[in-house]
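Enquirer: this one's sequence-less:
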C-alpha cells in the first residue's frame, strides 16, 4: 500500500480568529471540520494513510499513542438503529491483540453528537507486558470517528485527563471556510 504524502502548511491566524483551546492544548482539525478536538500542546502528529496519530514523545520512546480516523456516513439513514456499543463489541471481538478483559461501556449523548467508549486490556506483543487501550466510536452530523488511545496501565493517571479532554472537546461536522479565522458566526 502506498504511503500517503502529507504536506505541512503553517498558516498565520487572523487577529479575530475564533479558535479556542484549553490552556496547554492545541486544536486538531481534520477534513476542514469533519473532526475537531484538543490535544496537548507538545504532542507530535504523525499522519498515517487512513488516520492521524499523536504521540506524547517521538517513537519509539513514546508512552502513549492516540489515533483518530473518520468516515462520512450516507445521509438519510437512522444511525440510532446501530448502537455505538454494538460497534465496540464487534471491534473488541475482532481486535488482533486478543483483549483478555474490558471495562464497562461508557456512553454519552450530547445535542451535537453521541459517543461510546471502552477500555481493553491486552498483552503487548513486542514488550510482553500488560497494556491498555481506550476505544471510542462517536457519531454526529453524518460523520463517524474512531478514536483509540494506547498506554501502559501505570500511566493511567497521566493520560486519563488527555482522553477526557479529547472527548470533551470533540466536535463532528462543524466545517470552517477559512482555517485562519476558525469558526465564525455570521
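Expert: On my side now, so go ahead. Note that this is a predicted model, so its numbers are computed, not measured.

Enquirer: residue 168: what secondary structure?
Expert: The three-state label given to residue 168 by DSSP: H, G, I helix; E, B strand; the rest coil is helix.

Enquirer: what is the neighbour count of it?
Expert: 12 (other C-beta atoms under 10 Å). (Glycine included, C-beta is placed from N, CA and C.)

Enquirer: also the one 4 residues further on?
Expert: The burial metric for residue 172, expressed as a neighbour count using other C-beta under 10 Å, is 23.

Enquirer: is it correct that it is in contact with residue 34?
Expert: Yes - between residue 172 and residue 34 a contact is recorded at 6.9 Å, counting by C-beta atoms under 8 Å.

Enquirer: overlap in contacts, the two.
Expert: Here residue 172 and residue 34 share the contacting residues 70, 143, scored by C-beta atoms under 8 Å, 6 or more residues apart in numbering.

Enquirer: mind listing the strands for the chain?
Expert: For the chain, the strands defined by DSSP state E cover 25-30, 35-40, 44-47, 52-55, 64-72, 101-102, 106-109, 114-124, 129-140, 143-151, 171-172.

Enquirer: buried stuff in the longest one?
Expert: If I follow you right, that is strand 129-140. By 16 or more other C-beta atoms under 10 Å, the buried positions in strand 129-140 come out as 131, 132, 133, 134, 135, 136, 137, 138, 139, 140.

Enquirer: still on that earlier bit, now the strands of the chain as TSV including mean pLDDT and distance to residue 163?
Expert: As requested, these are exported to TSV (pLDDT from 0 to 100; distance: least, C-beta to C-beta, whole Å):
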stretch	mean pLDDT	distance to residue 163
strand 25-30	93	13
strand 35-40	96	11
strand 44-47	94	17
strand 52-55	96	12
strand 64-72	97	8
strand 101-102	96	15
strand 106-109	98	11
strand 114-124	97	8
strand 129-140	97	6
strand 143-151	98	5
strand 171-172	96	16
